[in-house]
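>>> From the sequence below, what's the structure:
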Amino acid sequence: MSPSFEMVVGLEVHSQLLTHAKLFCGCENRFGAPPNTLTCPVCLGHPGVLPVLNEAAVRLGIRLGLSLGCTIHHRSVFDRKHYFYPDLPKGYQISQFTYPLLTGGAIPVRSGPEVRDIRLHRIHMEEDAGKNLHAGIRDASHVDLNRAGVPLLEIVSEPDIRTPEEAVDYLKKLRQILRSTGVSDGNMEEGSFRCDANVSLRPIGSSTFGTKVEIKNMNSFRFVHKALVFEVERQSELLERGERVVSETRLFDSHTGRTLPMRSKEEALDYRYFPEPDIPPLVLDPEWIEKEKASLPELPQERILRISREFGIGEAEAEILVVEEELARYLDEAREALRGHSEKGGWPLEKGVARLVNFLLTEVLREWNRKGVQVLGDSLSSAEIAHLLALVTEERLSLSQAKDVYAIAVESGKSPRKVIEERNLSQESGEETIGRWIVEVLAENPSEVQSYRDGKDRLFGFLVGQVMKKSGGKANPQKLNHLLKEALGR
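Next comes the predicted model:
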């Protein structure tokens, strides 16, 4: 991007809610069922049917509002948003327009070394549309209406985002809150967390917004970053040539890393909003809000501060460890498992916890990024990792050996205990045993011992190697070095 321009981004996220039923009928809210098997006359838009609002969806909306510091409006209104598309059986979508459930609130993001708030404009409830199917179908399209009527929250940010990195951090933080509070599973692959971005450029120092372009079809954090980088470069090049940026909707092509024109937005669509006549205004009972507030779990930002304090690490490191709900739980569970080892072994818990944090930040996080949640499974459970690091703390295994054991366990699917047993990898730290090996090596190499004592220091490494060879690689290196120097008298 040219240094003459500033990037301005606002994000619109559609998040499916974790309810058992759809928003206005009793059909099951579930991903993966055969096409058109989770439908009824209400979500299919048959004449004469009446929608009934799902109370559980409203409660989840309240819960998100509390988590994000939003204003929760005690009175909100559903509207009909009219447009015609094959996956919208009624010819309109029931949404909220003039009077949404939530307004305001903010999400803190990292902007370089600093943290700043991205303000939220509004969060409203609406039903999802169906899904058009094109893949593998010649000269036709099919429609799956299982998703029609699924409850959504549309979360609209203010245009406060200034870099692709901030956009990704915002989305990760939002998804983290949705998942930790049980509002949504945040599964981007299944479409339950979908993002559109509104992108424009303006001259540095200007307060006037440029021409906005909407980007759709981004179903991963990596794709969001790539799409924003490409779009900013595209708009920057146009403006530098003195050309005009066209207001349009563009699709991100993940194969080429480019955004492509979809439709013009030069003329705003008229959705002909009007209040939904079949659903009365939603008036909240204050007790609902208090009940949801009392049942909120530990929120991600609270967890970051706690982990930073309890584990003695910086907030930035703690943030990395809790970016995914599974990793955050894994950390807490592994520490509790370590507590049992420390009590049994008589060593300070803090010593093992420090190793745990470093191991998670390096070994586990690397494999998580490569293989995902499977590296937290049964064979690599938090209890197994705690056992592995307890062996290191008790000097029965070196840290290097522990890393090798973990890598083998990840690839083989075996537990670290099993890998250690099969490869006979336990480390010997007993001074008596190591001392016996040292005595034998010194007796077997008298000339090298004398040369070392005469000043040839490089022979110390040779003698260490001989002891390690005799021990089968099991001698604790630190203990070996210390005891060997004592035995050599230097």
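>>> Return the set of buried residues in stretch 11-21.
For stretch 11-21, the neighbour count (16 or more other Cβ atoms under 10 Å) marks Leu11, Glu12, Val13, His14, Ser15, Gln16, Leu17, Leu18, Thr19, Ala21 as buried. (C-beta placed from N, C-alpha, C; glycine too.)
>>> In a strand, the fifth one, correct?
The reference is to Ser15. Yes. Under DSSP: H, G, I helix; E, B strand; the rest coil, Ser15 falls within a strand.
>>> what would the buried residues of stretch 11-21 look like in TSV with distance to His73 and pLDDT?
Listed next are the buried residues of stretch 11-21 as TSV, based on distance: Cβ to Cβ, whole Å; pLDDT from 0 to 100:
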residue	distance to His73	pLDDT
Leu11	22	97
Glu12	19	97
Val13	20	97
His14	20	96
Ser15	19	97
Gln16	22	97
Leu17	18	98
Leu18	22	97
Thr19	21	97
Ala21	24	98
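>>> now those in JSON lines, with distance to Gly314?
Converted to JSON lines, the buried residues of stretch 11-21 look like this (distance: Cβ to Cβ, whole Å):
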{"residue": "Leu11", "distance to Gly314": "27"}
{"residue": "Glu12", "distance to Gly314": "33"}
{"residue": "Val13", "distance to Gly314": "28"}
{"residue": "His14", "distance to Gly314": "34"}
{"residue": "Ser15", "distance to Gly314": "30"}
{"residue": "Gln16", "distance to Gly314": "34"}
{"residue": "Leu17", "distance to Gly314": "34"}
{"residue": "Leu18", "distance to Gly314": "32"}
{"residue": "Thr19", "distance to Gly314": "38"}
{"residue": "Ala21", "distance to Gly314": "44"}
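>>> Where does pLDDT dip in the protein?
Applying pLDDT under 70 to the chain picks out residues 1-2, 265-269, 426-431, 490.
>>> Please name the residues that touch Glu298.
Residues counted as contacts of Glu298 (Cβ atoms under 8 Å, 6 or more residues apart in numbering) are Ser180, Arg306.
>>> Now do the spatially most central residue of the chain against Trp368, distance only.
Among the residues of the chain, the one closest to the centroid is Glu324, at 4.1 Å (Cα atoms, centre = their mean). Separation of Glu324 from Trp368 (Cβ to Cβ, to the nearest Å): 7 Å.
>>> same thing with Thr433?
Taken as Cβ to Cβ, the span from Thr433 to Trp368 is 38 Å.
>>> So those two - more neighbours on which side?
Shown here are Thr433 and Trp368; by other Cβ atoms under 10 Å, Trp368 has more neighbours (19 against 15).
>>> got the contact list for the residue lying closest to that one once chain neighbours are set aside?
Spatial nearest neighbour of Trp368, chain neighbours left out: Val375 (5.5 Å); criterion: Cβ to Cβ, 6 or more residues apart in numbering. Residues near Val375 by Cβ under 8 Å, 6+ apart: Val364, Glu367, Trp368, Val410.
>>> and if you look at Pro348?
Contacts of Pro348 by Cβ under 8 Å, 6+ apart are Ser342.
>>> and Thr71, bridged to which residues?
Thr71 has these beta-bridge partners by DSSP bridges: Thr103.
>>> What about it, how many residues nearby?
14.
>>> now it: how far from Gly65?
8 Å.
>>> Please identify every residue contacting each of these two.
Leu102, Gly105.
>>> Buried ones in the helix or strand encompassing Leu305, by neighbour count?
Per DSSP states H and E: Leu305 is located in helix 300-311. Under the neighbour-count criterion of 16+ other Cβ under 10 Å, helix 300-311 has Pro300, Gln301, Arg303, Ile304, Ile307, Ser308, Phe311 buried.
>>> same deal with stretch 137-145?
Val143, Asp144, Leu145.
>>> With distance to Arg175 and secondary structure as new columns, can the contacts of Val375 be given to me in CSV?
Converted to CSV, the contacts of Val375 look like this (distance: Cβ to Cβ, whole Å; DSSP: H, G, I helix; E, B strand; the rest coil):
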residue, distance to Arg175, secondary structure
Val364, 20, helix
Glu367, 21, helix
Trp368, 15, helix
Val410, 25, helix
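>>> Which two of the residues you listed have the greatest separation?
Trp368 and Val410 (10.1 Å; Cβ to Cβ).
>>> And the contacts of the helix or strand hosting Ile289?
Using DSSP H and E, Ile289 sits in helix 286-294. If you take Cβ under 8 Å, 6+ apart as the criterion, helix 286-294 is touched by Val58, Arg59, Ile62, Arg63, Leu66, Ile72, His74.
>>> Tell me the buried residues in it?
Buried-residue list, helix 286-294, by 16+ other Cβ under 10 Å: Ile289, Glu292.
>>> on that earlier part again, show me what the helix holding Leu305 packs onto, helices and strands only.
Judged by 3 or more Cβ pairs under 8 Å, 6 or more residues apart in numbering; DSSP states H and E, the packing partners of helix 300-311 are helix 164-180, helix 315-321, helix 325-345, helix 349-359.
>>> change it to 6 Å
Judged by 3 or more Cβ pairs under 6 Å, 6 or more residues apart in numbering; DSSP states H and E, the packing partners of helix 300-311 are helix 164-180, helix 315-321.
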